[in-house]
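1. here is my input; please provide its structure:
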Amino acid sequence: MKIRPDLRVARVEDLDATILREMNVRGLLLDVDETLLASGATAVDATVEAWVTSLRGAGLHLALVSNGRPSRVDFVSRTLAIPGTALTGKPFPRAYLRAAHRFGVPMDTIAMVGDQLFTDVLGARWAGLRTVLVDPRSDGGLLHTRLLRHVEKRLLRDAPHGRTAWRT
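-> Here you go, the predicted structure:
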């Protein structure tokens with residue numbers, strides 16, 4: 001099982017429709033905490049809203065897939081006008097497959113965008129999806145996530161950011 005992502009970018013806003021077209025991606029599953037919002041953030045950044053609007057304008061399918069609290073995921077879902085599911089059970093494949101099937105496009109044209117190797121990337125790989133890893137938006141988060149970040153850093157030590165990182 002390949003745990004490295006197909007692409008690594010610093011922020012979701014660095015992932016534009018041109019890059020996604022080059023990857024043959026037609027749908028994105030998006031993590032919420034540390035991917036779209038920093039831990040504890042109470043508002044969606046205007047740059048994230050603009051990014052979502054641009055992807056929607058390019059015809060991409062979007063959905064939120066998060067292990068986060070329902071109230072938080074619902075807030076982001078309403079703010080960005082994207083369907084969302086909370087407490088999904090990532091990294092188990094069912095979490096990704098349920099959301100991905102709603103798009104009605106081939107599974108190999110869907111990518112999961114998230115900030116964690118051991119939930120977002122690994123789980124999406126198990127489900128047969130493409131993967132994009134983003135740097136976390138803050139140093140916050142749950143204790144176990146912060147501890148796993150040290151392992152991730154070692155695994156990603158030689159992994160550059162940018163359009164050429166681990167392309168398949």
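
2. residue ranges with poor pLDDT in the protein?
-> Low-confidence segments of the chain (pLDDT under 70): 1, 138, 140-168.

3. do that again at 90, thanks
-> 1-5, 8, 39-40, 68, 85-95, 98-102, 116-119, 122, 135-168 (pLDDT under 90).

4. helix, strand, or coil at the most centrally placed residue in the chain?
-> Closest to where the C-alpha atoms of the chain average out (Cα atoms, centre = their mean) is Val113, at 1.9 Å. Three-state assignment for Val113 (DSSP: H, G, I helix; E, B strand; the rest coil): strand.

5. what residues are up against it?
-> Val12, Leu15, Leu28, Leu29, Leu30, Asp31, Thr35, Asp120, Thr131, Val132, Val134 (Cβ atoms under 8 Å, 6 or more residues apart in numbering). (Each C-beta comes from the backbone N, C-alpha and C, glycine too.)

6. now do the strands in this protein.
-> Remark: strands assigned in the chain by DSSP state E are 7-9, 27-30, 61-65, 84-85, 110-114, 130-134.

7. pairing partners for the fifth one, with directions?
-> By that I understand strand 110-114. Taking DSSP bridges as the criterion, strand 110-114 forms sheet pairs with strand 27-30 (parallel), strand 130-134 (parallel).

8. closest to Glu49 out of the contacts of Val113?
-> Among the contacts of Val113, Val12 lies closest to Glu49 (Cβ to Cβ), at 11.3 Å.

9. the nearest residue to that closest one once chain neighbours are set aside: neighbour count?
-> Spatially, and ignoring its direct neighbours in sequence, Val12 is nearest to Val134 (5.6 Å; Cβ to Cβ, 6 or more residues apart in numbering). Close neighbours of Val134, defined as other Cβ atoms under 10 Å, add up to 26.

10. what do you get for Asp108?
-> Asp108 has 12 nearby residues by other Cβ under 10 Å.

11. ok, Asp33 - contacts?
-> Listed by Cβ under 8 Å, 6+ apart, the contact partners of Asp33 are Ser39, Ser66, Gly68, Arg72, Asp115, Gly141.

12. Glu22 and Leu15, how far apart?
-> When distance is defined by Cβ to Cβ, to the nearest Å, Glu22 is 11 Å away from Leu15.

13. no more questions from me, cheers.
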